[in-house]
Structures are given as C-alpha cells and as structure tokens.
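Asks: For reference, the sequence and a predicted model appear below.
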Amino acid sequence: MSNSPRAVFLDHASLDLGDLDMQPLHQAFAELTLHAHTRPDQVAERLQGAQVAISNKVPLDAATFAACPELKLVLVAATGTNNIDLKAASAHGVTVCNCQGYGTPSVAQHTLMLLLALATRLPDYQRDIAAGRWQKASQFCLLDHPIVELEGKTLGMLGHGELGGAVARLAEAFGMRVLLGQLPGRPARADRLPLHELLPQVDALTLHCPLNEQTRNMIGAKELALMKPRAFLINTARGGLIDEQALADTLRRGHLGGAATDVLLQEPPKDGNPLLAADIPRLIVTPHSAWGSQEARQRIVGQMVDNAAGFFAGAPLRVVG
Ligand SMILES: NC(=O)c1ccc[n+]([C@@H]2O[C@H](COP(=O)([O-])OP(=O)(O)OC[C@H]3O[C@@H](n4cnc5c(N)ncnc54)[C@H](O)[C@@H]3O)[C@@H](O)[C@H]2O)c1
Ligand SMILES: O=C(O)[C@H](O)CO
C-alpha cells in the first residue's frame, strides 16, 4: 500500500479468538494497534493520530469523529453498522465500510437451528431429561411438549437481503412457504405484504434487517398480538427490532408458540434484560453467536483487508451510509 496508514482495532478480541490468520490485516497498514476491548470513554484517545478505526461493536459517535480529525476510514468488522453514527462520519469526511455476506452459512444455519429447536421443543425435552423425567416415564417416550412439523407451514420474513435470502432457501428445503413483509421506512413493493397482513398469516416470523430509526421496535405488543397464538418469532438480526418487554409479557401470557433471539438491545446484557428472566416459557436466547464460526470470522479479516486496499487505491468497497 503506497500510503502508510495507521490503524487502531478497538475490540479485536471480539473477532480473533487466537484461531485467525491476522497477518494480512497487519500487512495492510504501516502500523496496526490491537486493543482487546475499548470502553466508550477510551475511544477518542485511542484513535488519536490514526487514519483508520476498526470496530466490531464499539460505538463511534459524532463526538468521536469531531475529536479525531485525522480519521479517514472506519472498517466495521461486521455487517451491522448501528454502532456507528453514519451521518456524523459523512459530515466529517470519514468513509465507513462494512463486511457483507461473510457469515451467510453460519447465520442461516443458526436461524434454522433456532426454528427447529422451537418446533421440536428441544430445550424443554433437554430440561426434562436433566430433571430425570424420561428416566421415570411409564412409556418409551416423552411427548409432553407439542411438536410442530415445518413442512407446509408459512415463514414470514422481514428483511430479504443476504441472510434473509439464505434462510428462505433453507426454509423452502424444509417445505415451508416464505412470505416477505414490508419494512418500515422502505418503499412499498408488490412482493412485500404490509405487517398487518403478513403477521396473522405466518406460522413463524424471522427478522433479517438492519436496526435503524425506522425499524427500532417494529415488533411491539400490537404486532405480537396480530401473530397466530402458536406462531414462532426468531430474531438473529439486532436487539431493538423487538420491544423486549412486550415479548416477555406476550410469552408469559401464553401467546406465541415460542420465541428465539440471538441478539439483545444491550450487549453484553450487564444491566439485566427483560428476556433473561428465568420464568419466561418457550424462549431461547443465544449470546449473539450466530456469526461466530472460525470460517466466517476469517472472511471478515479478508474483507477488511480488501476494504482498506480499495479505499487507499481510490476505489472504496462496501461503503455504507
Ligand atoms: N446475529 C448475527 O450474528 C448477525 C450476523 C450478521 C448480520 N446480522 C444482522 O443481520 C442484518 C442483515 O444482514 P444481511 O447480511 O442480510 O444484510 P443485507 O443488507 O444483505 O439485507 C438487509 C435487508 O434489510 C433491508 N433494509 C431495510 N432497511 C434498510 C436500510 N436502511 N439499509 C439497508 N438495508 C435495509 C434490505 O432491503 C434487505 O432486505 C444486519 O444488518 C445485522 O444487523 C446479525
Ligand atoms: O453484524 C454482524 O455482522 C454481527 O452482528 C456480528 O458482529
């Protein structure tokens, strides 16, 4: 690279577990400083003198861009960019590039795994066995939790890009019919149903769109009430798309067949979260791990190297905002 940019990776421990080849990223910059984690109050200081900031989930806000005049490029080590103030970046002349399609097999299999776990009541049967119920049963099997066949059922989808498309293909392989919903703030399309028409029809709903001002809390108490009483809800996109308290209340009331989420509004959920209460039935929570295979994380390294090379060659790649 002809320029000699200085780069700072603010949360590299969220990407590299020691199992990645990080050499290409080191070679992409004259100097690359790795911080395992960075608190919000450390961001501006750590980025002083850097032209490139690398962040997976560390927020970069307007104050940071104002305090770091040498910053030219943000490489997001993820697809979701809701931790970056894109308007402020643009106002300060900073280009933001994300990673796209790096983890499609990982996130799609995780989403289907959650749907299958809800349909087969996997966590409930595992709990039963751990509690010794099968061992004491009067017949060869336990069938205390109703099992749902996916074949012939309808999957509703909000967000039909890279991940939504992959999940739709897997669901169709299970014999499901896929219906697409109209996202708030997006232009109407003939092949998208408004939410109030989509929700009452679906046996499961899965979310695959970005979190932004239009999509925040797009599934609240009103939308949950429109869903069939035994429908499943799955979120592997972003916390904040679903009103968490409304979902907890809905499941406690016995509405919905179950819900599964890989994402919460605050991560890690240090201050607690309505969806972490132990008494919520038919709820599966995974710790934002859908993307996390070694293969997917290594592809992020490769895409960030390409994004940096493209930017400094005057042909930026995967620009967002
Ligand atoms: N849980 C995980 O590990 C994990 C991993 C990767 C991505 N994600 C989340 O999944 C989301 C979807 O990922 P993807 O790769 O399918 O993204 P994508 O850009 O390929 O698809 C996004 C979909 O949302 C729609 N959309 C609505 N509003 C939009 C907007 N303002 N900007 C862009 N698209 C908009 C697009 O039309 C498209 O249908 C990401 O934004 C991210 O938040 C989660
Ligand atoms: O947006 C993404 O790519 C995932 O949340 C992993 O960071």
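Replies: Okay, I see it. Ligands and ions are numbered 1, 2, ... in the order given.
Asks: Near ligand 2, which residues of this protein are found?
Replies: 56, 78-80, 291 (C-beta under 6 Å from any ligand atom). All C-beta atoms are positioned from the backbone trio N, CA, C, and that covers glycine.
Asks: run the last query once more with 5 Å
Replies: Taking C-beta under 5 Å from any ligand atom as the criterion, the neighbours of ligand 2 within the chain are 78-80, 291.
Asks: May I ask which two of those are separated the most?
Replies: By the measure C-beta to C-beta, 80 and 291 form the most distant pair in the residues of the chain next to ligand 2, at 9.6 Å.
Asks: Settle it for me: which of these two has more neighbours?
Replies: residue 291 (22 against 18; other C-beta atoms under 10 Å).
Asks: what's the more buried one sitting at in phi/psi?
Replies: The phi and psi torsions at residue 291 (degrees, to the nearest 10) take the values phi -80, psi -10.
Asks: Would you mind confirming that it is in contact with residue 105?
Replies: No - Residue 291 lies out of contact with residue 105 (C-beta atoms under 8 Å); the separation is 10.4 Å.
Asks: all strands for the stretch 151-300 of the chain, in order.
Replies: With strands called from DSSP state E, counting those that start in this stretch, the stretch 151-300 of the chain shows them at 154-158, 177-180, 204-207, 232-235, 258-261, 283-285.
Asks: Now render those as a markdown table, adding distance to residue 97 and mean pLDDT.
Replies: What follows is these, written out as a markdown table (distance: least, C-beta to C-beta, whole Å; pLDDT from 0 to 100):
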| stretch | distance to residue 97 | mean pLDDT |
| --- | --- | --- |
| strand 154-158 | 25 | 98 |
| strand 177-180 | 28 | 98 |
| strand 204-207 | 24 | 99 |
| strand 232-235 | 25 | 99 |
| strand 258-261 | 28 | 99 |
| strand 283-285 | 31 | 98 |
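Asks: okay, those strands in TSV with distance to residue 120 and mean neighbour count next?
Replies: Formatted as TSV, the strands of the stretch 151-300 of the chain follow (distance: least, C-beta to C-beta, whole Å; neighbours: other C-beta atoms under 10 Å):
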stretch	distance to residue 120	mean neighbour count
strand 154-158	16	23
strand 177-180	20	17
strand 204-207	13	28
strand 232-235	11	27
strand 258-261	11	26
strand 283-285	12	18
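Asks: how about the lengthiest helix in the chain, does it reach ligand 1?
Replies: The residue-count maximum for a helix in the chain (DSSP state H) belongs to helix 294-312. No - using C-beta under 5 Å from any ligand atom, helix 294-312 stays clear of ligand 1, with a minimum separation of 8.2 Å.
Asks: That helix - contacts with which helices or strands?
Replies: Secondary-structure packing of helix 294-312 (3 or more C-beta pairs under 8 Å, 6 or more residues apart in numbering; DSSP states H and E): helix 23-27, strand 73-76, strand 95-97, helix 104-120.
Asks: ok, 10 Å please
Replies: With contacts taken as 3 or more C-beta pairs under 10 Å, 6 or more residues apart in numbering; DSSP states H and E, helix 294-312 sits against strand 6-9, helix 23-27, strand 52-55, strand 73-76, strand 95-97, helix 104-120.
Asks: for the ones you listed, which one ends up most surrounded?
Replies: Sort these by mean neighbour count, taking mean count of other C-beta atoms under 10 Å, and strand 52-55 sits at the top with a mean of 27.
Asks: what comes up buried for stretch 309-321?
Replies: By neighbour count on 16 or more other C-beta atoms under 10 Å, the buried set for stretch 309-321 is 310-312, 316, 318, 320-321.
Asks: For the stretch 51-200 of the chain, just list every one of the helices.
Replies: 62-67, 86-91, 104-120, 122-130, 162-173, 195-198 (DSSP state H, counting those that start in this stretch).
Asks: From the chain's centroid, how far away is the fourth one?
Replies: Meaning helix 122-130. Distance of helix 122-130 from its chain centroid, counting by C-alpha atoms, centre = their mean, to the nearest Å, is 26 Å.
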